[in-house]
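1. sequence first, predicted coordinates after that:
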Amino acid sequence: MYPDLSYFFHDLLGTAPDNGLSIIKTFGFFLVLAFLTAAFLLMMELRRKEAEGLLESRIIEETKGNPATPFEIISNAILGFILGFKFLYIISNFEDFKIDPAAIIFSSKGSLIGGIIFCGLFAAFKWYEKNREKLDPPQLVKVKIRPYERIGDITMVAAISGVLGAKLFAMIEDLDLVFNGSLTFGQWAASLFSGSGMAIYGGLIGGFLVTYFYVKKIGLKPIHVMDAVAPALMLSYAVGRMGCHFSGDGDWGDPIRVVEEGKVIYEATKPAIIGFLPDWVWAYDYPHNVIDAGVRIEDCKFRYCNRLPVPVFSTPIYEIVMASILGGILWAIRKRVVIPGMLFFIYLIMNGVERFTIEQIRINEKYNILGVSLTQAEIIALGLVLIGIIGCGVLWKKNKTTT
C-alpha cells in the first residue's frame, strides 16, 4: 500500500520512504483526481447541452476600473494572514507536517510573524492591482458567460460541500463511540478537522444539495445539469475508490477466513472465473495501510508498518470495476435518454444497487430498523433506489401524458 507518494516511489525506484514526498497523501491525491475527472466530463456535457439548446448563456454586467474597496483589501489581508500563519509554521515544522498534514493545517498552530507579514503583502498587492487598472470614470460592461465556463465555480462548491458532508456523516457513524466512552466529545468534534474519516454518501448528499441551489442561483436549469453530471459522478467515484484501495484507508471488506480457537470455521475461496487475476484482486492484507490497522510487519522501519492478519475482500477494487462499468453505461445512453431528469434517476438506482450489494461483504456499524439490521450506507442506498424508481416513474408518466 501507498499511504503517501513516498511509498510508491520506494517500490518504483527504491528511494527511501517517509521523505519529502510524504506530504502528498495517496487518498488526497486520488480525491483531487476524482473531482478533476468529474469536472472534465461535466464540462463536456454542458457544452453538448448548450449546443442542443437545453442550457443557455447568461449576460451579466460588470463595472471595470473601480479602485480597491475596503472589503477587498480586508478580505485579502485575512487570506494573507491565514496563509502566512500556516506557511512559516509548516516550513519550520516540516517533519511533523509530513506525518499528518491535515492535523497541522486544521489546528490552531501557526506563526504570528508569518501571518502579519503575509497580511500586509496581500493587502498591499490588492490595493496596487486594483489601482493600476483604475479608470476615470469606471465603465459598465456586459459579459457573456457560457454554462461550461461555470465549471470552476461548480467544482469548488461541490468539493467543499461534499468533503464537509462526508466528514459530518462519518462523525454521525462514530456517535456510538462517544456514548460508550471510547471517544470524548472533544475528540469526536475535533475529528471534523482530521485528515481521515469520510463517508461517501455524506459527500454525495451534501455536495448535491449545496450545488443544486448554487446552480439554480447562477441561472442554469438544475434538471439538465443533474443529467449532465450523472455519468461523471459514477466514473469519478471509481477514481476515488482507487484512493481507498491504494492508501489502505479501511474501506475494505470482511476477512475471507474466520478462525475460532485455532480452527478455521469459514474460508471463502477465489472464484474460478477470476482465477487468472492476481490474488490481491480477490483478497488482500493491505500492508503499510494508512490507518495502521492489523499486526506489525517484521523488520519494518517505515512510518506505516502494519498489515492485516487475515486477508479481506478487496471491496474497493470490486467497486472500481462496478462503478466503471455503470459509469460507462450511463455515458453510452446519455444521448438516448431524452426525458429531462431521467438519466439522473437512473444513476441513483445504479448507485444504490451497487452500494447495497457491496455492503453485504463489508464491516460497518449496523442500525436496527423495524427489526432489520442495516448499515448507514445500506439505508441510504435503499433510499436512493426508491427515489430513483419513483423519479423515473413520475417522469415517464408525465412525459407520456404530455406527448
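-> Perfect, thanks for sending it.
2. can I take it that Trp265 is in a strand?
-> Trp isn't right for residue 265; it's Ile. Yes: per DSSP: H, G, I helix; E, B strand; the rest coil, Ile265 lies within a strand segment.
3. and it, what does it touch?
-> By CB atoms under 8 Å, 6 or more residues apart in numbering, the contact set of Ile265 is 258-259. Every C-beta, even on glycine, is put in place using the N, C-alpha and C of the backbone.
4. and it, how far from Ile333?
-> With the distance defined as CB to CB, to the nearest Å, Ile265 ends up 45 Å from Ile333.
5. ok, the nearest residue to Ile99 once chain neighbours are set aside - contacts?
-> Among residues not flanking Ile99 along the chain, Arg303 sits closest, at 6.8 Å (CB to CB, 6 or more residues apart in numbering). Arg303 sits next to 3, 17-18, 22, 99 when contact means CB under 8 Å, 6+ apart.
6. now, of those residues, which are buried?
-> Neighbour-count burial (16 or more other CB atoms under 10 Å) is assigned, among those, to 3, 17-18, 22.
7. Met1 against Ala293, yeah?
-> No: contact criterion CB atoms under 8 Å: Met1 and Ala293 do not qualify, at 10.6 Å.
8. what about the two, which has more around it?
-> Applying other CB atoms under 10 Å to Met1 and Ala293 shows that Met1 carries more neighbours, namely 21 against 16.
9. quick one, what contacts the residue lying closest to that one once chain neighbours are set aside?
-> Distances taken as CB to CB, 6+ apart put Gly248 closest to Met1, at 3.9 Å, once the chain neighbours are dropped. Residues in contact with Gly248, defined by CB under 8 Å, 6+ apart, are 1, 3, 286-291, 293.
10. next secondary structure after the helix or strand of the chain with the lowest mean pLDDT?
-> Least confident helix or strand of the chain, by mean pLDDT, DSSP states H and E, is helix 185-190 with a mean of 61. Sequence order places helix 200-217 as the next helix or strand after helix 185-190, per DSSP states H and E.
11. returning to what we had before: now the buried ones among the contacts of Arg303 as JSON lines including secondary structure, pLDDT and distance to Ala170?
-> Rendered in JSON lines, the data for the buried ones among the contacts of Arg303 read as follows (DSSP: H, G, I helix; E, B strand; the rest coil; pLDDT from 0 to 100; distance: CB to CB, whole Å):
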{"residue": "Pro3", "secondary structure": "coil", "pLDDT": "90", "distance to Ala170": "19"}
{"residue": "Pro17", "secondary structure": "coil", "pLDDT": "88", "distance to Ala170": "27"}
{"residue": "Asp18", "secondary structure": "coil", "pLDDT": "85", "distance to Ala170": "27"}
{"residue": "Ser22", "secondary structure": "helix", "pLDDT": "84", "distance to Ala170": "24"}
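12. picking up where we left off before, what's the pLDDT at the residue nearest to Met1?
-> pLDDT, Gly248: 92.
13. which residues are common contacts for Met1 and Ala293?
-> Common neighbours of Met1 and Ala293, counting by CB under 8 Å, 6+ apart, are 248, 286.
14. wait, what's in contact with the spatially most central residue of the chain?
-> For the chain, the residue nearest the mean C-alpha position is Leu31 (5.1 Å; CA atoms, centre = their mean). Neighbour list for Leu31: 240, 243 [criterion: CB under 8 Å, 6+ apart].
15. circling back: right, and the pair among the contacts of Arg303 with maximum separation?
-> Pro17 and Ile99 (12.3 Å; CB to CB).
16. so how many other residues sit close to the residue lying closest to Asn131 once chain neighbours are set aside?
-> With CB to CB, 6+ apart as the criterion, Asn131 has its nearest non-adjacent residue at 5.5 Å, and that residue is Pro67. When neighbours are defined as other CB under 10 Å, Pro67 has 13 of them.
17. give me the secondary structure label for Pro67.
-> Classification of Pro67 using three-state DSSP returns coil.
18. hang on, Ile380 in a helix?
-> Yes: judged by three-state DSSP, Ile380 forms part of a helix.
19. pLDDT on stretch 115-122, on average?
-> For stretch 115-122, the mean per-residue pLDDT is 95.
20. would you mind listing the buried residues in that stretch?
-> 115, 117-119, 122.
21. with stretch 376-387 instead?
-> 376-382, 384-385.
22. got it, and stretch 294-301?
-> Buried residues in stretch 294-301 (16+ other CB under 10 Å): Gly294.
23. ends of it, what's the gap?
-> 16 Å (CA to CA, to the nearest Å).
24. likewise stretch 299-308?
-> This stretch, stretch 299-308, spans 16 Å end to end (CA to CA).
25. one step back: could I get the buried residues of stretch 376-387 as a markdown table with distance to Tyr212?
-> Listed next are these as a markdown table, based on distance: CB to CB, whole Å:
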| residue | distance to Tyr212 |
| --- | --- |
| Gln376 | 22 |
| Ala377 | 22 |
| Glu378 | 24 |
| Ile379 | 22 |
| Ile380 | 17 |
| Ala381 | 20 |
| Leu382 | 22 |
| Leu384 | 15 |
| Val385 | 20 |
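26. just curious, which of the residues you listed is nearest to Arg355?
-> Distance to Arg355 across those (CB to CB) is lowest for Ala381, with 4.3 Å.
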